[in-house]
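J.: below are the sequence and a predicted model for it; my questions follow.
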Amino acid sequence: MTTVQKIKDIEEEMAKTQKNKATEYHLGQLKAKLAKLRRELITPSGSGGGGPGIGFDVARTGVASVGFIGFPSVGKSTLMSGLTGTVSEAASYEFTTLTTVPGTMTYNGARLQILDLPGIIQGAKDGKGRGKQVIAVARTCNLIFIVLDVLKPLVDLKILTDELEGFGIRLNKQPPRITVKKKETGGIQIINTVPLTKIDAGEIKAVLQEYRMTSCTVTIHEPDATVEDFIDVVEGNRVYVPAVVVLNKIDAISIEEIDLLYKIPNSVPISSKLWLNIDDELKEVMWKKLDLVRVYTKPKGKQPDYTQPVVLRRSKCTVSAFCDSIHKDIKRDFKNAMVYGTSAKHSRGQKVGLDHVLEDEDIITLFKK
Ligand SMILES: Nc1nc2c(ncn2[C@@H]2O[C@H](COP(=O)(O)OP(=O)(O)OP(=O)(O)O)[C@@H](O)[C@H]2O)c(=O)[nH]1
Ligand SMILES: [K+]
Ligand SMILES: [Mg+2]
C-alpha cells in the first residue's frame, strides 16, 4: 500500500469515528499515525534534506522573502512583475511559470526578495506536479502570499491551506507553548500551568504511545492547545509562517461582492492587472506581517540618518545582530551603545550592551573601545 493510500484510509477511519470519551484515545493515535505518514511523504528519499529541488532553490537576498502560492493563472506573475520590476512571464494559459522566479523590491528602506512560484494543484504535497518543490520553497519564506482568484476564493483557500499544512507549514500561528522532555525512566508526567480545554491526558498518552515515548515530562502553558498542536511539538519539524490572503482580479466583480470578501481573515482584495489596492493596502499589510525592525544610526554628535535604516528580523534584532549586519568586524571594537526609542528605558536614551533587544524605529550610536 502506498503512503498516500494509507493516509486516505486513516482519514476515512477518522471521519467515521465520533469524538467522545470512549474514542478519544483511538483518535489521538490515528492523528499521530497520520502525522508520521505525512512526514514520510514530505521527506525526500536519499540525501538532500528537506530543502527545495534543483532549479527551485534560488540565492537569497534582502532581509526577508515573500513567496507566492496559488493555483495556476490566478495572477501571481502579474503581481510579482508589478511589485519588483523583474519580468516574470504572465499569460492566459496555466503553468506559465515553471520554476522559482526571484525579484526584489524596497519598502520602508527594507530590501525584500519576492519569489514568484509555479501554480500548484490539489494533491501537491502528495507529489502531484511540481507541488512538493514549490511548497518546499514556501517553507523557507518569511511570509507567504496565498494568491486566489476572487471568483472562487473560499474553496481554493481551503485546498491551499491544507496543502501547506500537510507540508508542516503553520500559517499565522505561533508555536504552541508546549514542551516534551524525554527521560530515562519514570513514565509520563503531564504538567499544565493552565486548565486545558481541548486536550486531555488520554489523548496525550495515545500520541506518546504511538511515538514509543514511554518516559517523558509534558508541560503545557496553553489553555486552548489541541492534540494537533501537541503532535506538532512531538514531530518538531514545523515552521510557523505568517500569510496574507491576496484576492486578485477584483476588477472582474462588483463593489458589493468586494465588501463580502473583506470578511476573510488576513485578506486583501486587489487587481494586479489594474494595480488596485496594492500600493496603499497590500504593501502595508505585507510590511506589518513581516514584522521587521528598522534601526537608524546616529553618528556621535550628529542627527540620525533616517534615509537608510538597518533592517533586522524580529527573531534576530539585538545590538549584536545590528553590528553584524553592518560589518562582520564591528563587534571587535564595540564598547557600548546609546539607544533612543521604544526599547530604551528613558526618553533621554539608554546605554546598552550587545544583548540589548532593539525595537522598530530605534536610534543607535555605537561607541568603540
Ligand atoms: N482580470 C484580471 N486578470 C488578471 C489579473 N491579474 C492577472 N490577470 C490575468 O490572468 C492571467 C494569468 O496571469 P499570470 O500572472 O500568468 O498568472 P500566474 O498565477 O502567474 O499563472 P501560472 O504561472 O500559470 O501559475 C493572465 O491572462 C493575466 O493577464 C487581474 O487583476 N484581473
Ligand atoms: K498563467
Ligand atoms: Mg506565473
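T.: Received, thanks. Because the structure is a prediction, the values reported are computed rather than measured. Numbers count the residues shown, from 1 in each chain. Ligands and ions are numbered 1, 2, ... in the order given.

J.: what residues does the protein have near ligand 1?
T.: For the chain, the contact set with ligand 1 under C-beta under 6 Å from any ligand atom comprises 70, 72-78, 90-92, 94-97, 118-119, 248-249, 251-252, 271-273. (Glycine included, C-beta is placed from N, CA and C.)

J.: hmm, try it at 5 Å
T.: 72-78, 90, 92, 94-97, 119, 248-249, 251-252, 271-273 (C-beta under 5 Å from any ligand atom).

J.: what's the burial count for Thr226?
T.: By other C-beta atoms under 10 Å, 16 other residues sit near Thr226.

J.: pLDDT score assigned to it?
T.: If you check Thr226, the pLDDT there is 95.

J.: hmm, it is touching Ile199, no?
T.: Yes - contact status for Thr226 versus Ile199: in contact at 5.9 Å, counting by C-beta atoms under 8 Å.

J.: about what we covered before: where strands are concerned, which of the residues of the chain next to ligand 1 count?
T.: Asn248 (DSSP state E).

J.: which PyMOL command selects the buried ones in the residues of the chain next to ligand 1?
T.: To isolate the buried members of the residues of the chain next to ligand 1 in PyMOL, using 16 or more other C-beta atoms under 10 Å:
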select buried, resi 72+73+74+75+76+77+78+90+96+97+119+248+249+271+272+273
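
J.: list the contacts of Val147.
T.: Phe68, Ile69, Gly70, Val74, Gly75, Lys76, Leu79, Val246, Asn248 (C-beta atoms under 8 Å, 6 or more residues apart in numbering).

J.: ok, of those residues, which one's closest to ligand 3?
T.: Using C-beta to the ion, Lys76 is the member of those that lies nearest ligand 3, at 4.8 Å.

J.: look up phi and psi at the closest residue to that closest one other than its chain neighbours.
T.: Leaving aside its sequence neighbours, Lys76 sits nearest to Phe68 (C-beta to C-beta, 6 or more residues apart in numbering; 4.4 Å). Per-residue torsions, Phe68: phi -100, psi 120 (degrees, to the nearest 10).

J.: Phe68 bridge partners, please.
T.: Phe145 (DSSP bridges).

J.: how close does it sit to Asp116?
T.: 6 Å (C-beta to C-beta, to the nearest Å).

J.: who's more crowded, these two?
T.: Neighbour count, other C-beta under 10 Å: between Phe68 and Asp116, Phe68 has more, with 30 against 27.

J.: for the residue positioned nearest the centre of the chain, give me its contacts.
T.: The chain has Val241 as the residue nearest its centroid, 1.0 Å off, counting by C-alpha atoms, centre = their mean. When contacts are counted by C-beta under 8 Å, 6+ apart, Val241 touches Ala138, Arg139, Cys141, Asn142, Leu143, Ile144, Ile169, Arg170, Leu171.

J.: got a quick PyMOL command for the buried subset of those residues?
T.: Only the buried entries of the contacts of Val241 go into this PyMOL selection, using 16+ other C-beta under 10 Å:
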select buried, resi 138+139+141+142+143+144+169+170+171
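
J.: so which of the contacts of Val241 belong to strands?
T.: Leu143, Ile144, Ile169, Arg170, Leu171.

J.: identify, from those residues, the entry nearest to ligand 3.
T.: The nearest member of the ones in strands among the contacts of Val241 to ligand 3, counting by C-beta to the ion, is Ile144 at 15.7 Å.

J.: number of residues surrounding the nearest residue to that closest one once chain neighbours are set aside?
T.: Nearest non-adjacent residue to Ile144, counting by C-beta to C-beta, 6+ apart: Ala243, 4.4 Å away. Residues lying near Ala243 (other C-beta under 10 Å) number 23.

J.: so who does Gly127 touch?
T.: Here Gly127 is in contact with Val4, Leu41 (criterion: C-beta under 8 Å, 6+ apart).

J.: residue in the stretch 101-250 of the chain nearest to ligand 3?
T.: Counting by C-beta to the ion, the stretch 101-250 of the chain gets nearest ligand 3 through Asp116, at 5.9 Å.

J.: can you name the residues that contact that residue?
T.: With C-beta under 8 Å, 6+ apart, Asp116 has these contacts: Phe68, Lys76, Ser77, Met80, Ser81, Ser88, Thr97, Thr100, Val101, Pro102, Gly103.

J.: can we see that at 10 Å?
T.: Neighbour list for Asp116: 66-68, 76-81, 83-84, 86, 88-90, 97, 99-103, 145, 147 [criterion: C-beta atoms under 10 Å, 6 or more residues apart in numbering].
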